[in-house]
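Novice: One predicted model, sequence on top.
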Amino acid sequence: MVQGAGLKNLKKASKSAGSQRHKGAGKYQAKGRKQKNACRPHAVNAAKPQVSISKSINKKNESVVAAKAVACGMKFSLTDLTDKGTKEQKAQLKARDKKQDKSTKLTGRLKDQIAKLKQGTKTR
């Protein structure tokens with residue numbers, strides 16, 4: 001038999017099952033919830049305020065949690081969280097001090113009124 005005479009009738013080499021499985025490895029599905037785009041533009045516009053509100057709530061919650069963590073003495077590698085935490089902690093202290101001011105208590109208010117009355121009698 002002449003060499004190479006029977007090569008015309010040979011089939012292509014079959015591909016292994018593993019190579020077929022890995023063929024689509026580059027095309028992977030995104031994990032998580034699958035979202036369907038809204039068909040109606042007014043539905044999209046109706047959802048925009050809710051998205052902005054939820055983002056602002058999330059930012060506030062993040063700063064409150066960071067403030068609690070900073071107050072406990074935790075160390076962050078992320079400086080933005082540390083900055084948010086210290087700012088929020090200072091704001092909370094300021095608000096608490098404002099509430100605990102003497103003018104909010106009955107005795108403090110009465111003392112202020114007496115002082116104003118005394119000043120009013122001196123000017124007459």
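Specialist: Received, thanks.
Novice: tell me what the lowest-mean-pLDDT helix or strand in the chain is packed against?
Specialist: Taking mean pLDDT, DSSP states H and E as the measure, the chain has helix 17-22 as its least confident helix or strand, at a mean of 72. Packing partners of helix 17-22 (3 or more C-beta pairs under 8 Å, 6 or more residues apart in numbering; DSSP states H and E): none among the helices and strands. To be clear about C-beta, it is placed using only N, CA and C from the backbone, and glycine gets the same treatment.
Novice: What is the distance between that helix and the centre of its chain?
Specialist: 40 Å (C-alpha atoms, centre = their mean, to the nearest Å).
Novice: Stretch 105-113 now?
Specialist: Chain-centre distance of stretch 105-113: 43 Å, with C-alpha atoms, centre = their mean.
Novice: ok, now stretch 40-58?
Specialist: 15 Å.
Novice: rewinding a little: just the C-alphas of the least confident helix or strand of the chain, formatted as PDB.
Specialist: Output in PDB follows, covering the C-alpha atoms of helix 17-22 (Å, rounded to 0.1, in the frame of the first residue of the first chain):
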ATOM      1  CA  ALA A  17     -15.600  16.200  26.100                       C
ATOM      2  CA  GLY A  18     -13.400  18.300  28.400                       C
ATOM      3  CA  SER A  19     -12.400  20.700  25.600                       C
ATOM      4  CA  GLN A  20     -16.000  21.100  24.600                       C
ATOM      5  CA  ARG A  21     -17.000  21.900  28.200                       C
ATOM      6  CA  HIS A  22     -14.200  24.500  28.500                       C
END
